[in-house]
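Colleague: Predicted model follows, preceded by the sequence.
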Amino acid sequence: MRKATVRRTTKETDVAVTVDLDGRGEATIATGIGFLDHMLDLLARHSRIDIGVKAQGDLHIAHHHTTEDVGIALGGAVKQALGDMKGITHYADVHVPMDEALTRVAIDISGRPFLVFKVEFVRAKIGPFDTELIQEWFQAFAVNAAVTLHVATLYGTNDHHIAESCFKGLARALRAAIAIDPRAANEVPSTKGTLSA
């Protein structure tokens, strides 16, 4: 059962996350940040990972701490749910269009956290949400999931569409990379024999 629950509590936030990697893409999301809720709902739906997130944070200051801590907790939950990673497909890459925007996402479930994020936004905000926080979320997720993640928007002019293509791209790449390869169901897909580091 590839499931996990992670709780992260600091002076700035209180975040509880659940994941089921073999779910149906159901989402129960409540972060207090409408745009982030929307992106996480997309992530669940297109990855087919059941995701639950309940977060309370210092939103009277800014969205930064809550956004980052949700990424930390969700990344940690995915890592925990993957367990020994036996049988996973390991690598995946996708191109995801969202109207005029096109984003490429490649992932290596490697045990080596790294993010390359080549995404430019046109404006500083999408509604009240700071666009710079999208990279912060991806950084927190990649480090705590211990994955190598490359996200590059090839073109686009609408910031909402660019952001959606990034999250949908991560979702589709995750869906493929965590899938069990029936030809290697009991093997760790690494010549090192481990993906833990």
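Modeller: Alright, I've got the coordinates. Numbers count the residues shown, from 1 in each chain.
Colleague: Please make it C-alpha for all contacts and neighbour counts, starting now.
Modeller: Fine.
Colleague: Show the end-to-end separation of stretch 118-133, please.
Modeller: Terminal residues of stretch 118-133 lie 14 Å apart, using CA to CA, to the nearest Å.
Colleague: Which pLDDT value belongs to L195?
Modeller: You'll see L195 listed with a pLDDT of 55.
Colleague: brain fart, A184
Modeller: 78.
Colleague: Just give the number of residues close to the closest residue in space to it that isn't next to it in sequence.
Modeller: Spatially, and ignoring its direct neighbours in sequence, A184 is nearest to G87 (5.1 Å; CA to CA, 6 or more residues apart in numbering). Burial of G87, expressed as a neighbour count using other CA atoms under 10 Å, amounts to 18.
Colleague: separation between G87 and G23?
Modeller: Look at G87 and G23: by CA to CA, they are 17 Å apart.
Colleague: Contacts only, for I33.
Modeller: Residues near I33 by CA atoms under 8 Å, 6 or more residues apart in numbering: H63, F129.
Colleague: Give me the phi and psi for it.
Modeller: Here is the backbone geometry of I33 (degrees, to the nearest 10): phi -120, psi 110.
Colleague: Confirm for me that the residue nearest to A184 is in contact with A177.
Modeller: No: here G87 does not reach A177: they are 10.2 Å apart, not a contact under CA atoms under 8 Å.
Colleague: Run a quick neighbour tally on I61.
Modeller: Neighbours of I61 (other CA under 10 Å): 9.
Colleague: per-residue confidence at it?
Modeller: 95.
Colleague: Confirm G111 sits in a strand?
Modeller: No: assessed by DSSP: H, G, I helix; E, B strand; the rest coil, G111 does not belong to a strand; its assignment is coil.
Colleague: That one contacts L149, correct?
Modeller: No: G111 sits out of contact with L149 when judged by CA under 8 Å, with a separation of 11.3 Å.
Colleague: Neighbour count: these two, which is higher?
Modeller: Legend: neighbour count by other CA under 10 Å for G111 and L149, higher for L149 (25 against 18).
Colleague: The more buried one falls within a strand, correct?
Modeller: Yes: assessed by three-state DSSP, L149 belongs to a strand.
Colleague: so who does it touch?
Modeller: So L149 contacts V105, A106, I107, D108, P113, F114, L115, V116, A142 (CA under 8 Å, 6+ apart).
Colleague: G75 too?
Modeller: A140, F141, A142, V143, N144, A145, A146.
Colleague: export those residues to TSV and tack on secondary structure?
Modeller: Formatted as TSV, the contacts of G75 follow (three-state DSSP):
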residue	secondary structure
A140	helix
F141	helix
A142	helix
V143	helix
N144	helix
A145	helix
A146	coil
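Colleague: Mind giving me the ChimeraX select for those, buried ones only?
Modeller: In ChimeraX, a selection of the buried entries from the contacts of G75 looks like this (16 or more other CA atoms under 10 Å):
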select :140,141,142,143,144,145,146
